[in-house]
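# Sequence and predicted model, in that order:
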Protein chains: 2
Amino acid sequence: MKPGPAAPQTSQAILDIAQRLVQTRGFNAFSYADIAGVLRITTASLHYHFASKAILGVRLIERYATHFAALLAAIDAAAAQSGGGARERLRGYAGIYAAVLAEDRSCLCGMLAAEFETLPRAMQGALDDYFALNERWLQGVLEAGRASGSLAVTGPLEEAAHYIVSTLEGSMILARSHGGPARFDAAARRLLAGFGA
Amino acid sequence: MKPGPAAPQTSQAILDIAQRLVQTRGFNAFSYADIAGVLRITTASLHYHFASKAILGVRLIERYATHFAALLAAIDAAAAQSGGGARERLRGYAGIYAAVLAEDRSCLCGMLAAEFETLPRAMQGALDDYFALNERWLQGVLEAGRASGSLAVTGPLEEAAHYIVSTLEGSMILARSHGGPARFDAAARRLLAGFGA
DNA sequence: GTCTATAGGTGGATAGAC
DNA sequence: GTCTATCCACCTATAGAC
């Protein structure tokens, strides 16, 4: 195997650890020392890979958004292939959240949304993009479901998309502190039922 | 006016400022220095009133829960007097959240729920009590509404109560970072509509 | 109840050797 | 890429004077 354009394996490991820390503790409650401890390198080395915590935070959100977009594309592809419709796509969306919770984490961006006011501007902007991406996709699903009659969508699509994201993020946070995963599952089922899914 | 049992006006002011800080920035993102700066006293003086940040946090939750309970009692009293039923009480519940958001804050306990894993044990216990109080009251409302036919409640009452809290907390957090108060209002309306309120 | 002074710790970040 | 060493800002908390 040739070296190639510098395999960024350490950078990836840093992002993996940092992501879990944010998803479980929040951005303000972890430090470079936490990552360094797990990785057995010094905090000075971390700064080589990510010059500042703000930059690390932005990269974290961008990677998460990219991964999320891939999952949404996979849902679309699976629905197209199996003849599944908007109903299956909406269920798939909730399934992404359930999978994250099953790893005993919250949504990265849900945690960051709670800390929004304290985040560096660049992170706030990246978060905006993440939620815009989510809600754009959801609006597409809802629109298709309404058109085909497979989903019961009342009111503006944007509001409905907002509602879905809010409910899933909220029940995720509360499931981790009170009630456990079962609480999230029940909330997701109730939410989907409201849209006829 | 007699001195009485030591009017704790400074302690109250500290709690007021700390509460707003937690509601806007979170528990991990504010310091004694922030409060001291607003109040124009030193951090050493703050420690006279609240020996540790953990104790301040517990008192914050307890006061919030007590105030919240009073608001719920007022809703019950108003409904009893005006002949309003479960529907009005449920609307009143969402109204409490809307009023908090109108002051450009999130729910104190919603913010703390996101940071749950990082909080001192005593604060975690106080938070448990807060949510138990909320969900007990909501279950009572839902039960009454189901019995009288004024609310459309499907599934276990506990799950329904969980769903209501999760949705309101989630849409509050996201309204403050994305979408604004209108986003919360729309979500609350949609939530209530799902219960026939 | 409030102050000064300070302890003791942790935070993010940098310089420069290897 | 990783290290040692270090800086400086900030944090919670305490001792003791007033």
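Cool, got the structure. In this text the structure is predicted, and so the values were computed from the model without any measurement.

# Got phi/psi on the nearest residue to A:P120 once chain neighbours are set aside?
Nearest non-adjacent residue to A:P120, counting by CB to CB, 6 or more residues apart in numbering or on different chains: A:A54, 3.9 Å away. C-beta coordinates here come from the backbone N, C-alpha and C atoms, glycine included. In terms of degrees, to the nearest 10, the main-chain angles of A:A54 are phi -60, psi -40.

# Report the contact partners of A:A54.
Listed by CB atoms under 8 Å, 6 or more residues apart in numbering or on different chains, the contact set of A:A54 reads A:P120, A:A122, A:M123.

# Tell me the confidence at the last one?
Which is A:M123. pLDDT, A:M123: 98.

# Report how many residues lie close to it.
A:M123 has 23 neighbours, counted by other CB atoms under 10 Å in any protein chain shown.

# How about the second one?
A:A122 has 14 neighbouring residues, counting by other CB under 10 Å.

# and the strand or helix carrying it, does that touch chain B?
Using DSSP states H and E, A:A122 falls within helix A:121-148. Yes: using CB under 8 Å from any CB of the partner chain, helix A:121-148 reaches chain B at A:Q124, A:L127, A:D128, A:F131.

# show me where pLDDT drops low in chain A?
Applying pLDDT under 70 to chain A picks out residues A:1-7.

# Can you name every helix or strand that the helix holding A:A122 contacts?
helix A:53-82, helix A:86-102, helix A:108-114, helix A:157-177, helix B:157-177 (3 or more CB pairs under 8 Å, 6 or more residues apart in numbering or on different chains; DSSP states H and E).

# which residues sit in contact with A:Y130?
Neighbour list for A:Y130: A:I61, A:Y64, A:A65, A:F68, A:C109 [criterion: CB under 8 Å, 6+ apart].

# which phi and psi does A:A51 have?
According to degrees, to the nearest 10, A:A51 has phi -50, psi -30.

# neighbours of it, just the number please.
Residues lying near A:A51 (other CB under 10 Å) number 10.

# Distance-wise, check it relative to B:F50.
38 Å (CB to CB, to the nearest Å).

# Would you reformat the helices and strands packed on helix A:121-148 as CSV and include distance to DNA strand C?
Below are those laid out as CSV (distance: least, CB to the nearest atom of the strand, whole Å):
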stretch, distance to DNA strand C
helix A:53-82, 4
helix A:86-102, 23
helix A:108-114, 15
helix A:157-177, 22
helix B:157-177, 21
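
# Quick one: closest of those helices to DNA strand D.
Ranking the helices and strands packed on helix A:121-148 by proximity to DNA strand D (CB to the nearest atom of the strand) places helix A:53-82 first, at 13.7 Å.

# how much does the closest one deviate in direction from helix A:86-102?
Angle, helix A:53-82 to helix A:86-102, by axes from the mean of the first three to the mean of the last three CA atoms, to 10 degrees: 140 degrees.

# roughly how far is helix A:53-82 from the heart of the chain?
Centroid separation between helix A:53-82 and its chain, computed with CA atoms, centre = their mean, to the nearest Å, is 8 Å.

# What of stretch A:185-197?
Centre-to-centre, stretch A:185-197 and its host chain are 19 Å apart (CA atoms, centre = their mean).

# repeat for stretch A:122-130
Distance, stretch centre to chain centre, for stretch A:122-130: 13 Å (CA atoms, centre = their mean).

# That one near DNA strand C at all?
No: Stretch A:122-130 does not reach DNA strand C (CB under 7 Å from any atom of the strand); its nearest approach is 11.6 Å.

# Neighbours of A:D34, how many?
15.

# Within the helices and strands, which one has it?
Using DSSP H and E, A:D34 sits within helix A:32-39.

# okay, the angle between the helix holding A:A122 and helix A:157-177?
Here helix A:121-148 runs at an angle of 120 degrees relative to helix A:157-177 (the same axes, to 10 degrees).
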